[in-house]
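Enquirer: mind looking at a prediction? Sequence and model below.
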Amino acid sequence: MKKTVIGGLCAILLSAVSTLAHAETIRIANHGQAGIDAMKSTVEQIEKKYGVTVEVIEYPAPDKDYLTKLLTELGAGNAPDLFSIPTTAAVADMVAAGYLAPVTKEIKAWDGYANFYDVAKKLAVSPDGETYVMPFMLGIQEIYYRKDVLDKAGISTEQPKSWKDLLDRAAEIKKKTGAYGLLFPAGVSWGSGAFDEGFQHLIVGSKTPQLVDADGKLDLNGEGVKDVFNVYKQLIDNDLMPTQPLLGPEPWVVPKYQMFPAGKLAATTCGSWCYIFDWGRESKNPIPEVTKVVGTWTVPGQTSGQYVLANLAAPWAVNAKSANVELAKKALMDIGSVETQVSYAARIGNIPSSKDAAKNADFQKLTELVAIHAAAENGTFLKQASGFGTVSEGVARATEALLRKETDAAGAQKILVDYVKETLGDDAVK
């Protein structure tokens, strides 16, 4: 009897060891403590729901370093099963390289998809018509301005109706207050932000409102591109925006986290997260009563129109070479849940893509974000194409030359075009 019991226990133990040895493991790449914390409950849910172990791999925190590491691992075939992509501009290039598994069928069959804002659905569709990412969060960007500074100086806070109106307002601010009137991110140090947080705000309202034509070529020689660079040139030449901090490392720190709270910079592009993390309750240098003293303008078009920029905020994707693509796709749907969206909103300040988030009690507590969430219905976006990552880098280089006063608007456009042609080939540019 004793031998039988011991034998039975050994069999059970061996079975358990065998089960553990063959248990599925999903590897997830994330970066930044806030993002890791936002995913914690979702990771636990995935483990419990599918009986798997989730290994969270922390890559370098700055977006540029993270993307470099991710692309290196993807190229070597060592990348995790699931990962976030820090800039929408990189998605089309990653699709073209064969790094992302298509999820069109799965995401459209998923019960959460129907309640996504249309702009999120459209942003997720790649040039080939397939969807490769979970568009669970949106970056909603506008111009944020110091209402208190303008009111005190007797300067209008009405919505600027054109680029000229916006530049005139910036000049009036500088003349009457001594503060810089407007900041559009620029330069190499700002990385993809020079495009994502600056250039694209203006291009959508220019004579070249899209940078991709019908056959997928990049339209970078359009008049609108030069006109956008001319806005930068006017801001720089007339000393209406701070330039010296933009030429150093971490160029956002001085203008956004020091000058804007101090009232030395009166207006800047920014996103929904700024009310909480840049200047609000989670800021190291908060502006008292931030939602009352900091207002927002939509970005005016060149001569008319108003634009609220919408981007996918760090969308998630499945590695096409995952050891278990189907399991990774199932986990991707859990990442898209309203609960995960609200968790990210609370810790990072981006906007949930699901309309259902408005019904979530925890999201309603994020009072700074509720009105912006509703505004996502009217978001405008740039169509993506392979090569957008190169365009983003080209814009950073072109605006760097403008910051250093080494060129004019036409010269900046040439820097952009030449860089993209050198990198992607002449045929890539219209």
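Expert: Perfect, I can see it now. Remember, it's a predicted structure, so these values are computed and weren't measured experimentally.

Enquirer: tell me the helix or strand right after the worst-scoring helix or strand of the chain on mean pLDDT.
Expert: Taking mean pLDDT, DSSP states H and E as the measure, the helix or strand of the chain with the lowest value is helix 2-21, at a mean of 40. Going down the chain from helix 2-21, the next helix or strand is strand 25-30, by DSSP states H and E.

Enquirer: strands paired with that following strand, and their directions?
Expert: strand 53-58 (parallel), strand 82-84 (parallel) (DSSP bridges).

Enquirer: I'd like the next helix or strand past it.
Expert: Next along from strand 25-30, by DSSP H and E: helix 33-38.

Enquirer: for this protein, longest strand please?
Expert: In the chain, assigned by DSSP state E, the strand with the most residues is strand 137-146.

Enquirer: so how far is that strand off the chain centroid?
Expert: Centroid separation for strand 137-146 versus its chain: 11 Å, with C-alpha atoms, centre = their mean, to the nearest Å.

Enquirer: same thing with stretch 162-180?
Expert: For stretch 162-180 - counting by C-alpha atoms, centre = their mean - the centre lies 28 Å from the chain centre.

Enquirer: for the strands paired with strand 25-30, state which one has the densest average packing.
Expert: When the strands paired with strand 25-30 are scored by mean count of other C-beta atoms under 10 Å, the highest mean neighbour count falls to strand 82-84 (a mean of 26). Heads up, the C-betas are built off the backbone N, CA and C, glycines and all.

Enquirer: which residues touch that strand?
Expert: Residues from elsewhere that reach strand 82-84 (C-beta atoms under 8 Å, 6 or more residues apart in numbering): 26-31, 35, 70, 314-319, 322, 328, 331-332, 335.

Enquirer: cutoff 6 Å now
Expert: For strand 82-84, the external contacting residues (C-beta atoms under 6 Å, 6 or more residues apart in numbering) are 28, 29, 70, 314, 316, 328.

Enquirer: what's the lowest-pLDDT member of these?
Expert: When the contacts of strand 82-84 are compared by pLDDT, residue 314 scores lowest at 87.

Enquirer: list the contacts for that one?
Expert: 84, 86.

Enquirer: do the same with the one 3 residues further on
Expert: Under the criterion of C-beta under 6 Å, 6+ apart, the contact list for residue 317 reads 85, 100, 132, 133.

Enquirer: report the secondary structure state of it.
Expert: Following DSSP: H, G, I helix; E, B strand; the rest coil, the label given to residue 317 is strand.

Enquirer: first-to-last residue distance for stretch 155-169?
Expert: One end of stretch 155-169 sits 8 Å from the other (C-alpha to C-alpha, to the nearest Å).
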